[in-house]
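Q: Generate a structure from the sequence data that follows.
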Amino acid sequence: MSKKINTFLNKKFNTKVISKSNLIGRQRINIIFKINKKGEIIDIQSRAPHPSLEKETERVIGLLPKMIKPGITNGKPVTSNYSLPIIFDISEGKKHNPFKTAFPENYIIHHRN
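A: Okay, the predicted model is just below:
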């Protein structure tokens, strides 16, 4: 499931928000949300070094399609908590970018689970 979420984040995250934040170096965004019994994302919260990154992260997580299955306990769906840290490096220059299609070439973004 994490790979699907990572792929989705890389496609949908507006990288202009990163450039407007004027941040350089290693950054971290913490996202916490719940997946309810129906598989819907609810109660999204984030903490980031800049308010615009928090807002954008919450927007993108809110766009997640219903590809997520709810947690199961004793054979029944239950609401479960999910935490997703995003750690990335922002540096100017034209180095290899593993997410070329999602991020502009002058930024180097590394996402870790």
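Q: Can you give me the distance of residue 74 to residue 90?
A: Computed as Cβ to Cβ, to the nearest Å, the residue 74 to residue 90 distance reads 45 Å. The C-beta positions use only the backbone N, C-alpha and C, and glycine is treated the same way.
Q: Which of those two has more residues huddled nearby?
A: residue 90 (20 against 5; other Cβ atoms under 10 Å).
Q: List the beta-bridge partners for that one.
A: residue 25 (DSSP bridges).
Q: gap between it and residue 19?
A: Separation of residue 90 from residue 19 (Cβ to Cβ) stands at 9 Å.
Q: And for residue 44?
A: In terms of Cβ to Cβ, residue 44 sits 23 Å off from residue 19.
Q: Which one's more surrounded, those two?
A: residue 44 (17 against 14).
Q: show me what contacts the more buried one?
A: 31, 32, 33, 58, 61, 62 (Cβ atoms under 8 Å, 6 or more residues apart in numbering).
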